[in-house]
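[1] Make a model of this:
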Amino acid sequence: MTSRTVDPTHELAAFLRTRRERLDPHDFDLPSRRQSRRTPGLRREEVAELAGISIDYVVRLEQARGLRPSADVVEALARALRLAPDERAYLFDLARQRPRSADRPATSAAPPLARLVADLSPLPAMLMNHRYDILAWNGEMARLLLDFDTLPPAQRNAMWLCLMHPEMRDLYVDRERVVREGVAHLRAAWAAHPEDRALTDLIAELTTGDQEFARLWAEREIMVNGRGRKVMRHPDVGGIAVHFEVLMPLQDPDQRLMICRAADDESQSALDRLCAR
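    Next up is the predicted model:
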């Protein structure tokens, strides 16, 4: 599945099946049927009924038989399967029905954004692309997470570091949630950038090299998380909780600006001590 590029037909089939099987039939106003249910979730005919399309069409989609559903059909399936907004966007990407940017993936920081990252000091800030490659950072972010200058460029990837770097593996208190959200973001990016070989190679490396990533990748969760809270066990100053915000510049849509700020007074004091070192 991740050997070269996205196989949208097979991934669309697998995604539709997993989303159908997770639904509880009792949550829907469906006519009663005499047959007992041998598998979890909705039946294919029930999805077809809810979406207003033929049973045969749903079967062929789930069997990856080369169909490319229209935008109207994709929207009907998203409603029938009660997809969350991120999952809906993922489905549109797999069906090749969402407009795509003609811009190539960012591999270096746009100079105005690099200056902005520096100017945001003393707030920890860094710039990434859609695959979590770290393109620019300020000193506060380096002290909070890791001195990225000491790493070869190929390792400056937030997802890779969280999973593979010894200093980062135990940094987050709620590691399971942080990794799960990161994997869900990568899956959404994978569908939105099907020709990005570097992203495909990263996913293949993490799938074969880290059991945790492989397990979460197989669950097919989708999430694009641009705001939240993270709690860290910093080796130098102890516990730090931060709120983070991720912004996408209109002029450079493949670059994401992450800005952190202390979530409480104790964390602010810890950040002040860290930045004064």
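[2] so what does the strand or helix carrying Thr207 touch, helix or strand wise?
    Taking DSSP states H and E as the definition, Thr207 sits inside helix 197-209. Packing partners of helix 197-209 (3 or more C-beta pairs under 8 Å, 6 or more residues apart in numbering; DSSP states H and E): helix 158-164, helix 175-192, helix 211-218. In short, each C-beta sits where N, CA and C put it, glycine included.
[3] Could you say which one of these comes nearest to Asp264?
    Closest to Asp264 of the helices and strands packed on helix 197-209 is helix 175-192 (C-beta to C-beta; 18.7 Å).
[4] in that closest one, what's buried?
    By 16 or more other C-beta atoms under 10 Å, the buried positions in helix 175-192 come out as 178-192.
[5] what's the closest of those to Ser108?
    Ser108 lies nearest to Ala189 out of the buried residues of helix 175-192, by C-beta to C-beta, at 18.2 Å.
[6] pLDDT averaged over stretch 79-88 - what is it?
    The average of the pLDDT scores along stretch 79-88 is 90.
[7] contacting residues around it?
    For stretch 79-88, contacts defined as C-beta atoms under 8 Å, 6 or more residues apart in numbering pick out 16, 19-20, 23, 47, 50-51, 78, 91, 184, 188, 222-224.
[8] I'd like to know which of those residues are buried.
    Using 16+ other C-beta under 10 Å, the buried ones in these are 16, 19-20, 23, 47, 50-51, 78, 91, 184, 188, 222-224.
[9] Let's test this: what are the backbone torsions at Arg261?
    phi -140, psi 150 (degrees, to the nearest 10).
[10] Which strands or helices does the lengthiest strand in the chain pack on?
    Counting by DSSP state E, the longest strand found in the chain is strand 238-247. Here strand 238-247 touches strand 227-234, strand 256-262, helix 265-276, going by 3+ C-beta pairs under 8 Å, 6+ apart.
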